[in-house]
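Chemist: Sequence first, then the predicted structure:
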Amino acid sequence: MSNANRSETDPPNNIKQTSGDEYICPHCNKKMNKWQVPPFNFSDGLGWCTDHLYICFNDDCVFFKNSWEHMDTNYGQSMGYRAMIHPDSKESMAIPAGSVDAMKGNILDEIQEAKDRESIEKRQKAMASLTDAFIIKDIEPIIDILLAEDEWLSVRLKATEMLGDMKDLRALDALLSVELEHETIKEQRTKSIKKIHKANFTRECPSCAEVIKQRAKICKYCSKEVG
Ligand SMILES: [Zn+2]
Ligand SMILES: [Zn+2]
């Protein structure tokens, strides 16, 4: 640092922004957290005019560590402050912290990470219930997952594959009627339908699409010749 008199409690003036949404703390070089500004304002009544700020939540950050002594010595207050950067002005400031854990509940990156973890757990659960149903040959819950539009694609793909492996004719209606946008699942659907027909010696009537015997010469549903 060029300025020898600069103390570690001075606001930072060398903001490093690594990418659009990432800031590095000038005091400790750790990634700053995206922090959600609470709906009420607790500092100056004017608000930060943004819904998020970047705050260094590194408890070992020298700026944060020194702040306690600084506040105590200069103001006789038992509190500290953390390095903060405003995303619009890129202005660096200090945001008061009443305790080490103050404000940590509003860290957006951690909230997002928790959500991601939850999603992975949900997917694993869905996969496990698929496997359970497959083992006891219960096609209903597997069909439900196939039809669930908000389910993970990987889970629906697995359901599609399992229905083929179960070779149960009752799965055909669901397989044929379900709206699928993803090519990989569509391909798997075609494979699964073929598998079910093969195992049951059946096929689709080319005229009316009903399921008929592989060797049928006339469709029993539409009475057309099926060759
Ligand atoms: Zn820091
Ligand atoms: Zn027919």
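Modeler: Perfect, I can see it now. Residues are numbered from 1 along each chain as shown. Ligands and ions are numbered 1, 2, ... in the order given.
Chemist: contacts and neighbour counts: CA atoms only from here.
Modeler: Will do.
Chemist: Can you give the domain ranges for the protein?
Modeler: 3-108, 117-198 (automatic domain parsing).
Chemist: Least reliable of these by average pLDDT, please.
Modeler: Here the lowest mean pLDDT among those goes to domain 3-108, at a mean of 81.
Chemist: so how far is it off the chain centroid?
Modeler: 28 Å (CA atoms, centre = their mean, to the nearest Å).
Chemist: is ligand 1 contacted by stretch 90-98?
Modeler: No - legend: contact between stretch 90-98 and ligand 1 by CA under 5 Å from the ion is lacking; minimum distance shown is 10.9 Å.
Chemist: ok, now stretch 50-65?
Modeler: Yes - with CA under 5 Å from the ion as the criterion, ligand 1 is reached by stretch 50-65 at 56, 61.
Chemist: List the contacts of the nearest residue to residue 92 once chain neighbours are set aside.
Modeler: Leaving aside its sequence neighbours, residue 92 sits nearest to residue 85 (CA to CA, 6 or more residues apart in numbering; 4.5 Å). Contacts for residue 85 (CA atoms under 8 Å, 6 or more residues apart in numbering) come out as 53, 54, 55, 91, 92, 93.
Chemist: how close does the last one get to residue 25?
Modeler: Between residue 93 and residue 25 the distance is 11 Å, computed by CA to CA, to the nearest Å.
Chemist: who touches both of these two?
Modeler: Shared contacts of residue 93 and residue 25, defined by CA under 8 Å, 6+ apart, are found at residue 83.
Chemist: Could you check which of those two has the larger neighbour count?
Modeler: Using other CA atoms under 10 Å, the more surrounded residue of residue 93 and residue 25 is residue 25, with 27 against 17.
Chemist: surely the more buried one meets residue 56?
Modeler: Yes - the pair residue 25 / residue 56 is scored as a contact, 6.0 Å apart, by CA atoms under 8 Å.
Chemist: So for the two, which residues contact both of them?
Modeler: In contact with both residue 25 and residue 56: 31, 32, 83, using CA under 8 Å, 6+ apart.
Chemist: Columns distance to residue 145 on top of the residues you listed, output as CSV?
Modeler: Formatted as CSV, those follow (distance: CA to CA, whole Å):
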residue, distance to residue 145
31, 40
32, 40
83, 47
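Chemist: which of these are close to ligand 2?
Modeler: Near ligand 2, by the rule CA under 5 Å from the ion, you find none of the shared contacts of residue 25 and residue 56.
Chemist: and those residues as a markdown table, adding distance to ligand 1 and secondary structure?
Modeler: Formatted as a markdown table, the shared contacts of residue 25 and residue 56 follow (distance: CA to the ion, whole Å; DSSP: H, G, I helix; E, B strand; the rest coil):
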| residue | distance to ligand 1 | secondary structure |
| --- | --- | --- |
| 31 | 8 | strand |
| 32 | 7 | coil |
| 83 | 6 | strand |
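Chemist: Show me what the lengthiest helix in the chain is packed against.
Modeler: Assignment by DSSP state H gives helix 108-135 as the longest helix of the chain. Applying 3 or more CA pairs under 8 Å, 6 or more residues apart in numbering; DSSP states H and E, one finds that helix 108-135 contacts strand 33-36, helix 139-147, helix 153-166.
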